[in-house]
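Visitor: Next come a sequence and a model predicted from it.
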Amino acid sequence: MAIGKQVGALALSLFLLTACSGTQTSEGAKSGATSGAIGGAVGGLVSSLIFGGNPVSGAASGAAIGAASGAAIGAASGAGRDKAQEERYVGEFGQYNYDGFLALADCDYDKALELAAKGQQYKDRYHAVAGVWLETITYADQNRYDEAEKLFPTLEQNDPDLLDRNDTERTLKDAVRKLRNIRVDYGRSPKCA
């Protein structure tokens, strides 16, 4: 009789452990998908700015890839950001800029501007331009367009995809709109308080 109770207790313990593990796995997948999607969306947005293309579609495809890979990583380990995805974007536009754009998505303007200044110091041309874009978008998201416009000549001089002032303004507005949409897509307010 005692052995039966021990076996029953062991079976119950294994069941609970398995159930908890399943819950942790699904929570890890959910968390990984969300953080991976945000990182992917932000990375896609910046990548399209730096290397050309539509910022809106770049962010959307980045979010989809980020969500899928983030969910897989999160389910396996409960990890937050997908490291392979982060490495890809860091390689494209630099760690300071990647972290700065994530800070901007989280409405941490001070951190975004601090990292933008560091990002502009990169020797790699694309990384440095990403730092200028980070600063410009940070100002525009705060409705500080006078300060954003001061950076237009630097963008136009260093970003060959910009045709003229109208193109720079249109690209900036698209980027800010997509940034705000990214926030909404992940349960945040589109504009920072």
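Guide: That came through fine. In this text, all values refer to a predicted model and were calculated from it rather than measured experimentally.
Visitor: When you work out contacts or count neighbours from here on, use the C-alpha atoms and nothing else.
Guide: OK.
Visitor: mind checking which helix or strand Ile182 is in?
Guide: helix 165-185 (DSSP states H and E).
Visitor: pLDDT on that helix, on average?
Guide: The average pLDDT for helix 165-185 rounds to 92.
Visitor: And it, what does it pack against?
Guide: Helix 165-185 sits against helix 2-51, helix 55-77, helix 95-105, helix 125-141, helix 152-158, with contacts defined as 3 or more C-alpha pairs under 8 Å, 6 or more residues apart in numbering; DSSP states H and E.
Visitor: what comes into contact with it?
Guide: Helix 165-185 has contacts (C-alpha atoms under 8 Å, 6 or more residues apart in numbering) with 38, 41-42, 45, 49, 55-56, 59, 105-106, 136-137, 140-141, 152, 155-156, 162, 189-191.
Visitor: Filter the residues you listed down to the buried ones and hand me the PyMOL line.
Guide: Buried residues among the contacts of helix 165-185 (16 or more other C-alpha atoms under 10 Å), as a PyMOL selection:
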select buried, resi 38+41+42+45+49+55+56+59+105+136+137+140+141+152+155+156+162+190
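Visitor: Skip ahead from the helix-or-strand element of the chain with minimal mean pLDDT and say which helix or strand is next.
Guide: Least confident element among the helices and strands of the chain, by mean pLDDT, DSSP states H and E: helix 55-77 (a mean of 39). Sequence-wise, the next helix or strand downstream of helix 55-77 (DSSP H and E) is helix 83-93.
Visitor: what angle sits between that next one and helix 95-105?
Guide: Angle, helix 83-93 to helix 95-105, by axes from the mean of the first three to the mean of the last three C-alpha atoms, to 10 degrees: 110 degrees.
Visitor: Quick one: mean pLDDT for helix 83-93?
Guide: Mean pLDDT, helix 83-93: 85.
Visitor: Can you list the buried residues in it?
Guide: Neighbour counts over helix 83-93 (16+ other C-alpha under 10 Å) mark 85-86, 89-90, 92-93 as buried.
Visitor: which other helices and strands contact it?
Guide: So helix 83-93, by 3+ C-alpha pairs under 8 Å, 6+ apart, packs with helix 2-51, helix 95-105, helix 125-141.
Visitor: what are the phi and psi angles of Leu163?
Guide: With angles defined as degrees, to the nearest 10, Leu163 shows backbone torsions of phi -80, psi -40.
Visitor: quick one: contacts for it?
Guide: Contacts of Leu163 by C-alpha under 8 Å, 6+ apart are Glu156.
Visitor: Now do Asn166 against Phe152, distance only.
Guide: Using C-alpha to C-alpha, to the nearest Å, one obtains 10 Å as the distance from Asn166 to Phe152.
Visitor: and if you look at Arg170?
Guide: From Arg170 to Phe152 the distance is 12 Å (C-alpha to C-alpha).
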